[in-house]
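Enquirer: Could you look at this predicted model? Sequence included:
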Amino acid sequence: LPEVELIASRCPGATMAFMHPVKSRRAIASAYHDHGVKIFVLDCEAELQKILQETGYARDLTLVVRLAVSNDGATLPLAGKFGATEAEAPDLIRLARAHAHELGVSFHVGSQCMAPSAYRAAMMEASRLIARAGVTVDIVDVGGGFPSIYPGLTPPPLEDYVKAIEHAFEDMMVLENADLLVTRGQVARVGQGIDAPAGAVIIDGTGRHVTPGLIDAHLHSGLSGGVNETGAALVPEVRIGDVLTANNIWMYRQLSGGLTTAHVMHGSANPVGGQNQLVKMRWGALPEELKFEGGTRTVKFALGENVVRNQNRYPNTRMGVEQIIADHFQAAREYVAAWEEWERTGQGIPPRRDLRMEALRDIMTGDISVQSHSYRQDEILMLMRLADEAGFKVDAFHHGVEAYRVAPELAEYGAAAVVWSDWGGFKVEAYNNTNYNVRALLDAGVVTSLHSDDSEIASRMNWEAAKMLRTGVGEEEALSLVTLSTARVLGIDDRVGSLE
């Protein structure tokens, strides 16, 4: 209460929140009646009753339910002090909703939290508890815990925390009993109580749900003439977009299963394969009309068994795969330097134009996103380190059967993981799979997506997401694995992946 009184004296009219979960009756009454405080936190029914009684059951209260969440990433855990438990929270949220003008939830991940992923984990837990309560929440307060630098304690950059919170908040946004206004095929408004424009077709979706179009981050159907260019080890100059075909019955089946966007990829026979193509599932359209307008340029890298199967071509070993990638990026740097020198001086004959080198140049400048086929943890680490040395970045590792083993390293590097729900054991490098791969990656703060790598599975990506519920992933987060998170991986989350 002294803090409330001090702020009220120094900053008249300021909006104040009484966020300590334990308050005396006198403090509640004075804060509300004398100083205009209308925001109160609580973590049990007894505290709620005190707030209601001392404010005269006011109808202008913002009530914030504090939740107990894991403090595993904190230097100084606070989990045992305050917060409604998983068993208590749903009933308390419902009860507070009945009395609140605005309802919120809050949590504290602990003091000096060194893991940005802890905020995501807490927000996903809050999302699950809100869903169990079955009510609408207006506010999510992520609390404190942001670390400072101390001797021997250097936290991750603040931007990592902000990014984790922003992504988690987007994944929490599931509206119940909401309205969706679509105008000329585009989402115009999403919310509750939207008035339909004159002449609008009204569809009563009571008891049903509307989701964003599903996205598959890794597909090979809809091509003409083969998926692998095996004539050379590195072929980033070839383009899947040049061989799309409209004669693809799987597109019809995939569209009927809710798939609206797909990342059609080059095969995995090359350390650096061809450029991939983002497509919209426009059944009946011509090949050029299938292309995702303004979509991210991506290229397929590959590591492991598939790359070394061709015994008539270098490389034949994993060490050769690493070396040939390094050699070609060195050649690309020399190619760029030669052009820069000629453009600076204008002397002599210009260098011969090389589309392969220009594609590698675009990878180094970030104009082409690297999406790498990978299975083993050692190869994932190898490519991240090689990329740092060669001057490019790997944006996502696909398949990633052993990604869970290097989840913290992936999070620190900033690479996404695109994985199967439960495939594994079908070849030697896939033996160490676990159905908890996705859960471990999410817990580490890695942007994670599911993929099919299979035309039939791509027709039921909602099932793939549903499988994740048995590993403890929440419904909203599971849906994001085939919608918003996938869009983030592919750099198109400003266009698809959510209804907003």
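Expert: Alright, I've got the coordinates. Residues are numbered from 1 along each chain as shown.
Enquirer: quick one: low-confidence parts of the chain?
Expert: 78-80, 134, 173 (pLDDT under 70).
Enquirer: hmm, 80 instead?
Expert: 73-81, 131-136, 144-145, 170-177, 191-193 (pLDDT under 80).
Enquirer: Now S224. Nearest residue, chain neighbours left out?
Expert: T245 (4.3 Å; CB to CB, 6 or more residues apart in numbering). The C-beta positions use only the backbone N, C-alpha and C, and glycine is treated the same way.
Enquirer: Also A458?
Expert: S452 (4.0 Å).
Enquirer: any idea which helix or strand comes after the strand or helix carrying W342?
Expert: In this structure, W342 sits in helix 318-345 according to DSSP states H and E. Per DSSP H and E, the first helix or strand lying C-terminal to helix 318-345 is helix 355-364.
Enquirer: now that next one, how far from the chain's geometric center?
Expert: Centroid displacement of helix 355-364 relative to its chain, using CA atoms, centre = their mean, to the nearest Å, is 28 Å.
Enquirer: Against which helices or strands is that helix packed?
Expert: Here helix 355-364 touches helix 318-345, going by 3 or more CB pairs under 8 Å, 6 or more residues apart in numbering; DSSP states H and E.
Enquirer: list the buried ones in the host helix or strand of R488?
Expert: Per DSSP H and E: R488 is located in helix 484-489. Using 16 or more other CB atoms under 10 Å as the burial criterion, the residues of helix 484-489 that qualify are L484, S485, T486, A487, R488, V489.
Enquirer: next one: stretch 158-178
Expert: Buried-residue list, stretch 158-178, by 16+ other CB under 10 Å: D160, Y161, K163, A164, I165, H167, A168, E170, D171, M172, V174.
Enquirer: Just the closest of the buried residues of helix 484-489 to L180, please.
Expert: Of all those, L180 sits closest to L484, with 16.2 Å by CB to CB.
Enquirer: Can you give me the neighbour number for N312?
Expert: Other residues within reach of N312, judged by other CB atoms under 10 Å, total 6.
Enquirer: separation between it and P236?
Expert: N312 sits 21 Å away from P236, going by CB to CB, to the nearest Å.
Enquirer: same check, this time on S268
Expert: Distance, S268 to P236, by CB to CB: 14 Å.
Enquirer: D160 too?
Expert: The spacing between D160 and P236, counted by CB to CB, is 30 Å.
Enquirer: quick revisit: now do the phi/psi pair for the residue nearest to A458.
Expert: Phi and psi for S452, reported as degrees, to the nearest 10, are phi -100, psi -50.
Enquirer: thought it was touching E464?
Expert: Yes - with contact defined as CB atoms under 8 Å, S452 reaches E464; the gap is 7.1 Å.
Enquirer: Can you tell me the SS state at A407?
Expert: helix (DSSP: H, G, I helix; E, B strand; the rest coil).
Enquirer: quick one: contacts for it?
Expert: Under the criterion of CB atoms under 8 Å, 6 or more residues apart in numbering, the neighbours of A407 are A417, A440, L441, D443, A444, V446.
Enquirer: ok, the residue lying closest to G348 once chain neighbours are set aside to E412 distance?
Expert: For G348, ignoring the flanking residues on the chain, the nearest one in space by CB to CB, 6+ apart is W342 at 7.0 Å. For W342, the distance to E412 equals 40 Å [CB to CB].
Enquirer: Next, the buried residues of the helix or strand encompassing S449.
Expert: For S449, the element it lies in under DSSP H and E is strand 448-450. Neighbour-count burial for strand 448-450, with 16+ other CB under 10 Å as criterion, is recorded at T448, S449, L450.
Enquirer: How about stretch 311-324?
Expert: For stretch 311-324, by 16+ other CB under 10 Å, it's P315, R318, V321, E322, I324.
Enquirer: these two touch, right, the first one and A269?
Expert: Meaning P315. No - counting by CB under 8 Å, P315 sits too far from A269 to count as a contact (11.7 Å).
Enquirer: joint contacts of the two?
Expert: Contacts common to P315 and A269, judged by CB under 8 Å, 6+ apart, are V307.
Enquirer: how about the strands of the stretch 201-350 of the chain, start to end?
Expert: 214-219, 259-264, 272-275, 277-280, 298-302 (DSSP state E, counting those that start in this stretch).
Enquirer: winner for burial among those strands?
Expert: Most buried of these by mean neighbour count (mean count of other CB atoms under 10 Å) is strand 214-219; its value is a mean of 28.
Enquirer: could you check the angle strand 259-264 makes with that one?
Expert: 20 degrees (axes from the mean of the first three to the mean of the last three CA atoms, to 10 degrees).
Enquirer: so strand 214-219 versus strand 298-302, what angle?
Expert: 50 degrees.
Enquirer: mind listing what T486 touches?
Expert: Per CB under 8 Å, 6+ apart, neighbours of T486: I215, D216, A217, V418, S449, L450, H451, G497.
Enquirer: Pick out whichever of the residues you listed sits closest to R25.
Expert: Nearest member of the contacts of T486 to R25, counting by CB to CB, is G497, at 48.0 Å.
Enquirer: Quick check: closest non-adjacent residue to the closest one.
Expert: According to CB to CB, 6+ apart, the nearest residue to G497 is A487 (3.0 Å).
Enquirer: Touching, that neighbour and L481? I think so.
Expert: No - with contact defined as CB under 8 Å, A487 does not reach L481; the gap is 11.1 Å.
Enquirer: does R189 sit in a helix, a strand or a coil?
Expert: Per three-state DSSP, R189 ends up strand.
Enquirer: Isn't it up against L181?
Expert: Yes - if you go by CB under 8 Å, R189 and L181 touch, sitting 4.3 Å apart.
Enquirer: quick revisit: just the ones of the contacts of A407 in strands?
Expert: A417 (DSSP state E).
Enquirer: Turn the contacts of A407 into a markdown table, including distance to V137 and neighbour count.
Expert: Putting these into a markdown table (distance: CB to CB, whole Å; neighbours: other CB atoms under 10 Å) gives the following:
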| residue | distance to V137 | neighbour count |
| --- | --- | --- |
| A417 | 29 | 31 |
| A440 | 28 | 18 |
| L441 | 27 | 24 |
| D443 | 23 | 22 |
| A444 | 26 | 23 |
| V446 | 26 | 30 |
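Enquirer: farthest-separated two in the contacts of A407?
Expert: Farthest apart among the contacts of A407 - using CB to CB - are A417 and D443, which lie 12.2 Å from each other.
Enquirer: all helices of the stretch 401-500 of the chain, in order?
Expert: Assigned by DSSP state H, counting those that start in this stretch, the stretch 401-500 of the chain shows helices spanning 407-413, 437-443, 461-467, 475-480, 484-489.
Enquirer: ok so, going back, closest one to V140 out of the buried residues of helix 484-489, please.
Expert: Closest to V140, out of all of the buried residues of helix 484-489 and judged by CB to CB, is L484, at 16.8 Å.
Enquirer: L303 versus that closest one, what's the distance?
Expert: For L484, the distance to L303 - CB to CB - is 27 Å.
Enquirer: N432 too?
Expert: 15 Å.
Enquirer: more neighbours, the two?
Expert: Legend: neighbour count by other CB under 10 Å for N432 and L303, higher for L303 (26 against 16).
Enquirer: Please look at that one and D378 and confirm they touch.
Expert: No - using CB under 8 Å, L303 is not in contact with D378; the gap is 9.6 Å.
Enquirer: that older thread, look at the residue nearest to A458 and say how many residues are nearby.
Expert: 25.
Enquirer: And it, how far from G424?
Expert: 15 Å.
Enquirer: Same question for P116.
Expert: Distance of P116 to G424, computed by CB to CB: 29 Å.
Enquirer: which of the two has more neighbours?
Expert: Ranked by neighbour count (other CB under 10 Å), P116 and G424 place P116 first, with 26 against 17.
Enquirer: quick one, phi/psi of that one?
Expert: According to degrees, to the nearest 10, P116 has phi -50, psi -30.
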